[in-house]
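Student: Predicted model and sequence follow; I will ask about them next.
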Amino acid sequence: MQSYNLSHLKELEAESIYVIREVAAQFEKPALLFSGGKDSIVCFHLARKAFFPAKVPFPLVHVDTGHNFQETIEFRDKLVEKYSANLIVGSVQQSIDEGKSIEEKGFNASRNGLQTATLLETIENNKFDACMGGARRDEEKARAKERFFSHRDDFGQWDPKNQRPEIWNIFNGKKNFGETFRIFPISNWTEMDIWQYILQEKIELPSIYFAHQREVFTRDEVIYGKTNFINMKPDETTEMKQVRFRTIGDASCTGAVESSADSLEKIIEEVAATRTTERGTRADDKRSEAAMEDRKKQGYF
Amino acid sequence: MSEEGYLDMELLRFSTAGSVDDGKSTLIGRLLYDSKSIFQDQMEAIEEASKRKGEENVNLALLTDGLRSEREQGITIDVAYRYFATPKRKFIIADTPGHIQYTRNMVTGSSTANLAIILVDARHGVVEQTKRHSFIASLLQIPHIVYCINKMDLVDYKEEAYDKVRAELEAFSSKLDTKDVRFIPLSALLGDNVVDRSSQMDWYGGPTLMYLLETIHIGSDHNHVDRRFPIQHVIRPQTKEYHDYRGYAGRIAGGVFKPGDDVMVLPSGFSSKIKSIDTLDGQLEEAFAPMSVTMTLEDDIDISRGDMLVRETNAPEATQDIDIMLCWMNKNPLLPNGKYAVKHTSKDVRCIVKEIQYKVDVNTLHRVDDNKEINMNDIARVKLRTTAPLFIDKYNRNRMTGSLILIDEATNETVAAGMII
């Protein structure tokens, strides 16, 4: 008898496409949160697969901290144009200007936490009832218990003790007026799966994922790219290094790693051999042991 | 890890269950640690946390305790998913909590698993929770159960101790509906027979846990016999290029589909042929569970979400009277004659609870006929009457078309998981 086996990447792909289609079927106004990072790029790729030959039937939402790597924004705009996607930008700068958010001060100031207010506002203004995101359960402890369909109350908050049970692949997206869902189609993927899939599918990525020369400085063992958004201390100096980024977040809190991996194959080799998690380069998670859990409760992705 | 090797790996989903202090978190920590899936920063974080708690050794259990409230109480309160890979397979662990009040989480974690690991303390043997976990694994039709007889170091690695527990387990599990049952003596704390063979138990000739996980046959865990394609979404591009295109998108729940195959559409009963199976990567020659695809048909038929493509000569039962075993998952008890929303594959209907036939005592597997109050974590046999026919298979025939959930329409909460009998 012929054997009907899928590779693990094909099985993960099938699961994610199924989740994305459920979102389109169960919600009136869904959106895909799009940071320009590899996980959201993979989500968009999966969404294209889910609805082919039709266009992706929901907009991409970018919560823009204003602290971006230029390469990410250029990439985002190119992708939007290539696939005639609909892009909506929520601006943290605007929230600050309107007095809805208060900028952190000091040397470790970051706008990462401020994304929450802007995100919730963008959801409200556009009346989105479901936001898909590229979060993965392997990223961080608090995410390991996240559902595919994560229910949020009308303040956008997550209650980890009161999550709906999620049985088989039957997703319950029913909600009351004002409540929303966060949906995570690639929950079951690991960093390695993502990279392998990008290679298998030949998915284009922003150049900063690949090794390049950059002016950087080191603080608390994290390598930061020199930008206008980070205040350097008097004793800190920059140097040129060959680096790449494992995640792309707010430029003020996303660290680089020293690397010579300038191709997908080499990155995969590096990921296989690496001894720290990708969020190990994220200063926002280092603030306390439960940093992510606290942010999620308030409505972070 | 070679590139081809990785691209060619299979996916194994397994759940882990054990009662409090059976060493479940330690076992998972050990699997991750010995398979080198723990990263340095994670390791540093738990070393730090162990030190703060005044523990002598690094507590591998801390790796899997996710939420702050759990870390404070030192117990796991919700299903947590863990991931690791070896050159042979990628693994998804559904780590389910052991204590009584969280049976619903065990059902959740078991629902998609290929394999269940149930931990048993070598000193205590079969306890109430062992039976409960085994019963749930069997009820959820997990194809393989592996009993890990843990803490062998505390019984001096003696074969007699293992044999005694194994005999108890065999006597008990023979009553269950599980195809494949295995037993492994191990010590999660010290690593015996988890990834590396124990040098302390020469009398044991079987595989280590990791070897078993890497090699156990999972190819026939999906149904490839009965053609079932629940329609999730209708694709109408309405562009010049695809002006009249009508594609039916969904995830195959059973059987194998090929262009040219005869299909019948439920509930309308119209027959047609598959014209094409479309994906972004091109058309497929065949598709099978659990693939997500889009199919087009030769004939123009009105089809929408909730409909199902099947084979005329092998159709599921279409009925409004549904017999299920249910696991109740909500703090509010089941209302006799209560009305609930039902989700079954991609179909939404409503139902009334016609009859509560009996509850199951999950410790003895006996029927309880005299108490029909169904509370959180109860398992019961129930008859439903739905507002429209569902296209059902028995759960032990097909986990996708044989399962449903009930939703409380007042709170929108998922209140029960149902397995169709």
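Tutor: Yep, it's here.
Student: can you map out the helices along the stretch 151-300 of chain B?
Tutor: Taking DSSP state H, counting those that start in this stretch to define them, one finds helices in the stretch 151-300 of chain B at B:159-173, B:209-215.
Student: Nearest to A:Ile248, out of these?
Tutor: helix B:209-215 (34.2 Å; Cβ to Cβ). Just so you know, the C-beta spots here come from the backbone N, C-alpha and C atoms, and that holds for glycine as well.
Student: In the stretch 101-250 of chain B, mark out all the strands, start to finish.
Tutor: Secondary structure of the stretch 101-250 of chain B by DSSP state E, counting those that start in this stretch: the strands cover B:115-121, B:144-150, B:180-185, B:228-230, B:233-235, B:247-251.
Student: Export these to JSON lines and append columns for distance to chain A and mean neighbour count.
Tutor: Below are the strands of the stretch 101-250 of chain B laid out as JSON lines (distance: least, Cβ to the nearest Cβ, whole Å; neighbours: other Cβ atoms under 10 Å in any protein chain shown):
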{"stretch": "strand B:115-121", "distance to chain A": "15", "mean neighbour count": "26"}
{"stretch": "strand B:144-150", "distance to chain A": "16", "mean neighbour count": "25"}
{"stretch": "strand B:180-185", "distance to chain A": "18", "mean neighbour count": "20"}
{"stretch": "strand B:228-230", "distance to chain A": "10", "mean neighbour count": "26"}
{"stretch": "strand B:233-235", "distance to chain A": "5", "mean neighbour count": "22"}
{"stretch": "strand B:247-251", "distance to chain A": "4", "mean neighbour count": "25"}
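Student: Could you save those as TSV and add columns showing mean pLDDT and distance to B:Ser271?
Tutor: Putting the strands of the stretch 101-250 of chain B into TSV (pLDDT from 0 to 100; distance: least, Cβ to Cβ, whole Å) gives the following:
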stretch	mean pLDDT	distance to B:Ser271
strand B:115-121	94	39
strand B:144-150	96	39
strand B:180-185	96	39
strand B:228-230	98	14
strand B:233-235	96	19
strand B:247-251	98	15
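Student: picking that back up, need the helices of the stretch 151-300 of chain B in JSON lines with distance to A:Lys174, can you?
Tutor: JSON lines is the format used below for the helices of the stretch 151-300 of chain B (distance: least, Cβ to Cβ, whole Å):
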{"stretch": "helix B:159-173", "distance to A:Lys174": "38"}
{"stretch": "helix B:209-215", "distance to A:Lys174": "37"}
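Student: could those go into JSON lines alongside mean pLDDT and mean neighbour count?
Tutor: Compiled in JSON lines, the helices of the stretch 151-300 of chain B are given as follows (pLDDT from 0 to 100; neighbours: other Cβ atoms under 10 Å in any protein chain shown):
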{"stretch": "helix B:159-173", "mean pLDDT": "94", "mean neighbour count": "16"}
{"stretch": "helix B:209-215", "mean pLDDT": "96", "mean neighbour count": "18"}
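Student: among those helices, which is nearest chain A?
Tutor: For the helices of the stretch 151-300 of chain B, the distance to chain A is smallest for helix B:209-215, at 13.0 Å, taking Cβ to the nearest Cβ.
Student: That closest one packs against which elements?
Tutor: Judged by 3 or more Cβ pairs under 8 Å, 6 or more residues apart in numbering or on different chains; DSSP states H and E, the packing partners of helix B:209-215 are helix B:24-34, strand B:89-95, strand B:144-150, strand B:180-185.
Student: and of these, who's closest to A:Leu114?
Tutor: strand B:89-95 (33.5 Å).
Student: what comes into contact with that closest one?
Tutor: The contact list for strand B:89-95 (Cβ atoms under 8 Å, 6 or more residues apart in numbering or on different chains) reads A:8, A:188, A:190, A:193, B:9-16, B:24-25, B:28, B:31, B:64, B:76, B:79-85, B:108-110, B:112-113, B:213-214.
Student: 7 Å instead, please
Tutor: If you take Cβ atoms under 7 Å, 6 or more residues apart in numbering or on different chains as the criterion, strand B:89-95 is touched by A:8, A:188, B:9-16, B:28, B:64, B:76, B:79-85, B:109, B:113, B:213-214.
Student: Of those residues, keep whichever come out buried.
Tutor: Among the contacts of strand B:89-95, those classed as buried by 16 or more other Cβ atoms under 10 Å in any protein chain shown are A:8, A:188, B:9-16, B:28, B:64, B:76, B:79-85, B:109, B:113, B:213-214.
Student: how about the helices of the stretch 151-300 of chain A, start to end?
Tutor: According to DSSP H, counting those that start in this stretch, the helices that the stretch 151-300 of chain A contains are A:191-201, A:264-273, A:291-298.
Student: CA-only coordinates of the longest one in CSV, if you can.
Tutor: What it means is helix A:191-201. Extracted in CSV, the C-alpha atoms of helix A:191-201 (Å, rounded to 0.1, in the frame of the first residue of the first chain):
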residue,chain,number,x,y,z
GLU,A,191,12.5,29.1,14.7
MET,A,192,14.1,26.2,12.8
ASP,A,193,10.9,25.3,11.1
ILE,A,194,10.5,28.9,9.9
TRP,A,195,14.0,29.1,8.4
GLN,A,196,13.6,25.7,6.8
TYR,A,197,10.3,26.7,5.3
ILE,A,198,11.7,30.0,4.0
LEU,A,199,14.4,28.0,2.3
GLN,A,200,12.0,25.4,0.9
GLU,A,201,9.5,28.1,-0.3
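Student: what's the spacing between that helix and its chain's center?
Tutor: The chain centroid and the centroid of helix A:191-201 are separated by 16 Å under Cα atoms, centre = their mean, to the nearest Å.
Student: Okay, buried residues for that helix please.
Tutor: The neighbour-count check on helix A:191-201 (16+ other Cβ under 10 Å) flags A:191-201 as buried.
Student: which one of the helices and strands packed on helix B:209-215 lies closest to A:Cys253?
Tutor: With Cβ to Cβ, the closest approach to A:Cys253 among the helices and strands packed on helix B:209-215 belongs to helix B:24-34: 27.2 Å.
Student: Run a quick neighbour tally on the residue lying closest to B:Arg132 once chain neighbours are set aside.
Tutor: Using Cβ to Cβ, 6 or more residues apart in numbering or on different chains and skipping the chain neighbours, the partner closest in space to B:Arg132 is B:Val362 (4.7 Å). The local packing of B:Val362 (other Cβ atoms under 10 Å in any protein chain shown) involves 22 other residues.
Student: quick one: contacts for B:Val362?
Tutor: Here B:Val362 is in contact with B:131-132, B:135, B:379 (criterion: Cβ under 7 Å, 6+ apart).
Student: Could you report the pLDDT at it?
Tutor: Among the per-residue scores, B:Val362 holds a pLDDT of 81.
Student: and it, what helix or strand is that in?
Tutor: If you go by DSSP states H and E, B:Val362 is not part of any helix or strand.
Student: just B:Asp302 next, same as before
Tutor: Using DSSP H and E, no helix or strand contains B:Asp302.
Student: how close does it sit to B:Lys273?
Tutor: Distance, B:Asp302 to B:Lys273, by Cβ to Cβ, to the nearest Å: 17 Å.
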